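1. curious how this folds, go ahead:
(2 chains)
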Amino acid sequence: MKVALRKLEHSYGPRATGRAAFAIAALDVEPGAKLCLVGSSGSGKTTLLNILAGVLVPSSGQVWLGDQELFALSEAGRDGFRARHIGCVFQTLNLLQGLSVLENLTLAQRFAGIAGAEARRKGMQLLEQFGLAARAGARPAQLSLGEQQRVAIARAVCKSPGLVLADEPTASLDDQNAGAAVDLLLESCRHSTLIVASHDARLLGRFASVRSLAELAPAVPD
Amino acid sequence: MRTHQLILRNVSQHRLSSGLTLLSVALGALLLSAVLLLRAATERSFLGPSRGFSLVVGPPGSRLELVLNTIFQIGQSPGLLAYEVFEELQHNPSTELAVPYAVGDAFRGFRVVGTSDAFFAPRFPYPPAATVAEKFATGRPFQFDAAALRARLAEIAAPARAGASGPSAADEVLAAPGALAEAVLGASVARQLGIRLGDQIEPTHGVDGAGTAHEHAQLWTVVGILQPTATPVDELVLINLDSFFRIPDHRGGIIPESGKPAISAVVLFPKPGVHKALLLGQLNKRTQLQVADVDGEVRRLLRMVGNVDRVFFVIAALVVWVGVVSVAVGIYNTLAARQRELAILRILGAKRRTLFGMLVGEATLLSAIGGALGLVLGHLLVAAGAALIEQSSGVRPRAWLLLPEEILAYALLVAAGALSGLLPASKAYRSDVAAGLVPLS
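-> Down below sits the predicted model:
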């Protein structure tokens, strides 16, 4: 899925008086590209990812995901679009603690319109690929951090999204797990566009395309 | 995973909060169920046995007391009614059936009623039967001779008018029980006391408790046992009115002012149509007696009881309301802790209305389970206490019957629970996804 931003601006608070988080004149990410967005804490990386996910409405500008201008959709429309086409990996993993590993995956697929039996089949297939088949019935709290990260990545890719957004996916992980997580992310997003926001130096060498938010939005302090 | 599975999972995930909320709702439903069951039992205890009766004629006084004493065997007889009133009513063109009642004795805790064979007529509502024979589980009615009774009453009245005192030859005649000392028992009397046909019983003076023995030993032979009716008739000992007046102690059943022999009441069954109104019109003009409409007095009693009953109902409804509010409070209080969970659901693609529906669903589920639990516990509680309730009040609740009012109350409780979920659901609806995903550290 191609990602294109045009004259994107976002301010915290009222436009007239609020502090601008960033202003991006243009950004194009080709389908299947793997982009790492770097910037210091508070630079607006998460804000940008939230805009790309459609959960935060920008102050102005356009966001094109494939042929769809994201904010031409209603909120409910964006929810449905996100359910089908966007996978998210969070810094704090954000697995649903009350559900099992497999249920976390099937729920994400259900919102994407994938029916129960098919969702379970795909979920188990993915867990097998990730080496987590034996943990399908476990609750997230019963998993190690590294295992939870793998489940979070599996949940993001289980519906075969066109775009995967990962916000600081290695922040909570040690070097070994961080490396494994990035490898898994890159491997499982072979056919998807991947945008990772991070200030983790361990990631930089793994991505063909690394852009600084300060470079994309010159007005924002680096 | 479907929304309803998510709802179940959310409820079970917050076990303590859900459990306490369920308990709160269940308590209210339990109280409501118990109140409704007891109210139904009370109504059944009075409306059921009174069905089929029409009018009761008795001495002046309280109509309610007259009906309670005559139909339900509760309390004391309000006074004496001249026997000639019964004879007059018996021959009234508007009367289909007139049944005399003379009370004053008891047999081992069961009331003895002196009456005529009219008590066993098919028109008399209990036991319900098309023929006299079908009213009996075993045996037959006692013998009754109206002419002989009139002769006895004349003998009783004569010494009274003459002002005689002390025993007389008539006393000796009367003291002899004679061939007419026959009794018919209600089904409960026979069952509880283990009495069979041919056994002899000795009533004692006084309607309550053990009573006092009569001056002369008086024995009656049991000749019939009625079919069970689930009414106060089951607890009666019926004796021939003639033999009732043969008891010397009962010769005092004379109205002092007139010297006329007296009974307690007449149970009157008018002919169909306007005859009830005609009888009421005639009898209401008479000052030496009163006539009570059985159905009217029972409903008046239930209205009086209902006022008290209403208070308990309101209390129970308030407890239910507290339970329903606790559903909303319980879910609302978990929202802060669930902000991240709700944000995750949104980021996975759940629409706002999905979250809204999920929380309303949780509230509905908690109310439904709590309400059902309360109904079951209410029935169990009433079942456990049924014997005690019957012993203390004479009312036997049917704990295993689900009342239409309970079904309606349950439906309203679930609906109220669903509505109570609107507040937390609306907050979840407005929740900010981005804010919910902010890392905790």
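
2. which of the helices and strands in chain B ranks last by mean pLDDT?
-> Lowest mean confidence among the helices and strands of chain B (mean pLDDT, DSSP states H and E): helix B:169-175, at a mean of 47.

3. once you drop chain neighbours, what's closest to the closest residue to chain B within chain A?
-> Closest contact between chain A and chain B, by C-beta to the nearest C-beta, is at A:A83 (2.3 Å). (C-beta placed from N, C-alpha, C; glycine too.) Nearest non-adjacent residue to A:A83, counting by C-beta to C-beta, 6 or more residues apart in numbering or on different chains: B:G349, 2.3 Å away.

4. quick one on the thing from earlier: ok, the residue of chain A closest to chain B touching B:L345?
-> No: in terms of C-beta atoms under 8 Å, A:A83 does not count as a neighbour of B:L345; the distance is 10.5 Å.

5. who are the neighbours in contact with the closest residue to B:L20 other than its chain neighbours?
-> Of all residues not flanking B:L20 in the chain, B:G330 sits nearest, at 7.0 Å (C-beta to C-beta, 6+ apart). If you count contacts by C-beta atoms under 8 Å, 6 or more residues apart in numbering or on different chains, B:G330 has them with B:S17, B:S18, B:L20, B:T21, B:L366.

6. off-centre distance for stretch B:59-71?
-> 17 Å (C-alpha atoms, centre = their mean, to the nearest Å).

7. now do the buried residues in it.
-> For stretch B:59-71, a neighbour-count test (16 or more other C-beta atoms under 10 Å in any protein chain shown) marks B:P59, B:R63, B:L64, B:E65, B:L66, B:V67, B:L68, B:N69, B:T70, B:I71 as buried.

8. with stretch A:131-143 instead?
-> Of the residues in stretch A:131-143, those buried (16+ other C-beta under 10 Å) are A:L132, A:R135, A:A136, A:R139, A:P140, A:L143.

9. cool, stretch B:296-316 as well?
-> Those would be B:E297, B:V298, B:R299, B:L301, B:L302, B:D309, B:F312, B:F313, B:A316, for stretch B:296-316 by 16+ other C-beta under 10 Å.

10. and the next element down the chain from the least confident helix or strand of chain B?
-> strand B:182-185 (DSSP states H and E).

11. so which elements touch that following strand?
-> On a contact count with 3 or more C-beta pairs under 8 Å, 6 or more residues apart in numbering or on different chains; DSSP states H and E, strand B:182-185 meets strand B:220-226, strand B:236-240.

12. tell me the helix or strand right after that strand.
-> Taking DSSP H and E, what comes next after strand B:182-185 is helix B:187-193.

13. spell out which parts of chain B neighbour chain A.
-> With C-beta under 8 Å from any C-beta of the partner chain as the criterion, chain B meets chain A at residues B:1-2, B:6, B:9-10, B:12-13, B:340-341, B:343-353, B:433-434, B:437, B:439-440.

14. hmm, try it at 6 Å
-> Contact residues, chain B versus chain A (C-beta under 6 Å from any C-beta of the partner chain): B:M1, B:R9, B:Q13, B:I344, B:I347, B:L348, B:G349, B:A350, B:K351, B:V433, B:A434, B:P439.

15. flag the shaky bits of the stretch 1-150 of chain B, pLDDT-wise.
-> B:1 (pLDDT under 70).

16. neighbours of whichever residue of it sits closest to chain A, how many?
-> Residue of the stretch 1-150 of chain B nearest chain A, by C-beta to the nearest C-beta: B:Q13 (3.7 Å). Using other C-beta atoms under 10 Å in any protein chain shown, B:Q13 has 17 neighbouring residues.

17. shouldn't it be in contact with A:G98?
-> Yes: between B:Q13 and A:G98 a contact is recorded at 3.7 Å, counting by C-beta atoms under 6 Å.

18. got the contact list for stretch B:284-303?
-> With contact meaning C-beta atoms under 6 Å, 6 or more residues apart in numbering or on different chains, stretch B:284-303 is reached by B:43, B:46, B:50, B:53, B:55-57, B:60, B:63-64, B:66-67, B:85, B:283.

19. show me which residues of chain A sit near chain B.
-> Selection of chain A residues close to chain B by C-beta under 6 Å from any C-beta yields A:50, A:55-56, A:76, A:79, A:82-83, A:88, A:91-92, A:94, A:96, A:98, A:103, A:106-108, A:110-111.

20. next, B:I369: phi, psi?
-> Here is the backbone geometry of B:I369 (degrees, to the nearest 10): phi -70, psi -50.

21. ok so, going back, immediately after the helix or strand where the residue nearest to B:L20 lies, which helix or strand?
-> B:G330 is part of helix B:294-335, with elements assigned from DSSP H and E. Note on helix B:294-335: by DSSP H and E, the next helix or strand toward the C-terminus is helix B:339-348.

22. now the helices for chain A?
-> Along chain A, the segments classed as helices by DSSP state H run A:45-53, A:75-85, A:101-111, A:116-129, A:145-157, A:175-188, A:201-204, A:213-216.

23. may I see the buried residues of the fourth one?
-> Judged by neighbour count using 16+ other C-beta under 10 Å, the buried positions of helix A:116-129 are A:A119, A:R120, A:K122, A:G123, A:M124, A:L126, A:L127.

24. ok now do the residue nearest to A:A83, which residues does it touch?
-> A:D79, A:R82, A:A83, A:F111.

25. any chance of these in a markdown table, plus pLDDT, distance to B:G417 and neighbour count?
-> Formatted as a markdown table, these follow (pLDDT from 0 to 100; distance: C-beta to C-beta, whole Å; neighbours: other C-beta atoms under 10 Å in any protein chain shown):
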| residue | pLDDT | distance to B:G417 | neighbour count |
| --- | --- | --- | --- |
| A:D79 | 93 | 27 | 24 |
| A:R82 | 94 | 32 | 28 |
| A:A83 | 93 | 30 | 24 |
| A:F111 | 91 | 27 | 22 |
